[in-house]
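In: Take this sequence and fold it.
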Amino acid sequence: MDLFEAIKTRRSIRAFTREEISDREIEKILDAARWAPSAGNIQPWIFVVVKDPGTKRRLSEAALSQFFIEEAPVVIVVCADQERSRRGYGSRGADLYCIQDTAAATQNILLAAHALGLGACWVGAFNEEEVRLILKIPRGIRPVAIVPIGHPAEKPRTIFKRPLSEVIRRKTF
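Out: Okay, the predicted model is just below:
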């Protein structure tokens, strides 16, 4: 799949079939994630792969009752190692760069899943402390995205995007 086609055709998928995802596919997706750019090449990401139905249910509840999360065969929780980034860049690394870095990794997850014919959704609305407790995430590591992945059971419509003329500024704002 051409990169520009992948970017333009990827959609958030919130309905999945029961078909499993192979470990090889999960590994390909996570390999794409780790190739994301990061500040100073610090690579502050940690990916928690969840397949257990009970854990997925608890994550769904922690994500403000977004129960489509538990329907996905696999859920990847993208975490930012704030301390790793802090060592390289101080508070700006811990508060900003590691979030930007894991956002880039999350986008790679979405595009890789799409390239494999899978569906995924970037979920950012969740109770961080609950997710931390469910997955036993230590302090200094911050969960920043929940990404359910599976074979799509829906075909979302094409979405509106603002025209370039509305989002580009030349020389100054």
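
In: show me where this structure has strands.
Out: 45-50, 74-81, 119-120, 141-150 (DSSP state E).

In: so what's the spatially most central residue of the chain up against?
Out: Most central in the chain under C-alpha atoms, centre = their mean is T106, positioned 3.5 Å from the mean C-alpha point. Neighbour list for T106: 33, 78, 122, 144-145, 147 [criterion: C-beta atoms under 8 Å, 6 or more residues apart in numbering]. (C-beta placed from N, C-alpha, C; glycine too.)

In: what about the nearest residue to it once chain neighbours are set aside, how many residues close to it?
Out: Excluding its sequence neighbours, the residue lying closest to T106 (C-beta to C-beta, 6 or more residues apart in numbering) is A145, at 4.7 Å. The tally of other residues near A145 (other C-beta atoms under 10 Å) stands at 23.

In: I'd like to know which of the strands of the chain lies nearest to A62.
Out: With C-beta to C-beta, the closest approach to A62 among the strands of the chain belongs to strand 141-150: 8.4 Å.

In: who's in contact with the residue lying closest to V123 once chain neighbours are set aside?
Out: Leaving aside its chain neighbours, V123 sits nearest to I146 (4.2 Å; criterion: C-beta to C-beta, 6+ apart). Residues near I146 by C-beta under 8 Å, 6+ apart: 59, 63, 69, 75-78, 123-124, 126, 131.
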